[in-house]
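J.: model this:
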Amino acid sequence: MIVQIPDVLGADELAHFRQVLQAAPWVDGLVTAGHQGAAVKRNRQLPEDSPAARALGEHVLAALERHPLFISAALPARVYPPMFNRYEGGETFGTHVDNAVRLLPGGGGAQIRTDVSATLFLAEPESYDGGELLIEDTFGAHAVKLPAGHLVLYPSSSLHRVEPVTRGVRLASFLWVQSLVAEVTERALLFDLDTSIQRLAATGADEAARLQLTGVYHNLLRRWARP
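T.: Residues are numbered from 1 along each chain as shown. Prediction:
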């Protein structure tokens, strides 16, 4: 299930992000690459413990907590602190699948299972060439290059890659979600059901039917959720 989340950040927020990122210290993206990623990853990242990454990451999390479409699609139980990457001059990230489990920063050995991956675009698509996020599923590869401030969610089990950036700079934030519902097909059914319920509510249609569907939604979530 690939879901686009519009308007996570507004114009003023994006301007602030770009100002901070322009002055931030970037390091080789290999610092967070796993065994499979090291062979295909060529980009730069903000150090996870840098003040800029922490401050901007908290801003992203707060914005996502306020976005009902993100909550509906991801059903988040835990979220890995957002990270930030930069591609330019032909940099790319070849085909890979995200690690299934990651250690949360800060020590203590706490872990997060990566059910849902997310990319939040921070540069306008016309400002750079290339840089499409290609996500593979049973229907083929889907190219995603969204307006700045928009986010895409997709299963962390998907093969995906970032095409080479041949002009300009591609800036993005990325993160992982451990969902209350780990199984992607179950999560997709709940998302479709919740979307239908919201449409019924918006149109003032059959209230009894809406309430019945709401009951079905919560009973399924109660059955499938693993907090």
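J.: so who does the spatially closest residue to residue 141 that is not a sequence neighbour touch?
T.: Using C-beta to C-beta, 6 or more residues apart in numbering and skipping residues adjacent in sequence, the residue nearest residue 141 is residue 134, 4.8 Å away. C-beta coordinates here come from the backbone N, C-alpha and C atoms, glycine included. Applying C-beta atoms under 8 Å, 6 or more residues apart in numbering to residue 134 gives the contacts 141-144, 160-163.
J.: Contacts only, for residue 114.
T.: Residue 114 touches 80, 98-102, 156, 176-178, counting by C-beta under 8 Å, 6+ apart.
J.: Which one of the contacts of residue 134 is nearest to residue 170?
T.: In terms of C-beta to C-beta, no member of these lies closer to residue 170 than residue 162, at 7.7 Å.
J.: in this protein, which strand has the most residues?
T.: Counting by DSSP state E, the longest strand found in the chain is strand 170-179.
J.: Work out the gap between the one helix or strand residue 71 maps to and the centre of the chain.
T.: Assigned by DSSP states H and E, residue 71 belongs to helix 68-74. Centroid separation for helix 68-74 versus its chain: 11 Å, with C-alpha atoms, centre = their mean, to the nearest Å.
J.: pLDDT weak spots in the protein?
T.: 32-37 (pLDDT under 70).
J.: Going along the chain, name the helices of it.
T.: Ranges of helices within the chain are 11-23, 35-38, 51-65, 68-74, 184-203, 207-224, based on DSSP state H.
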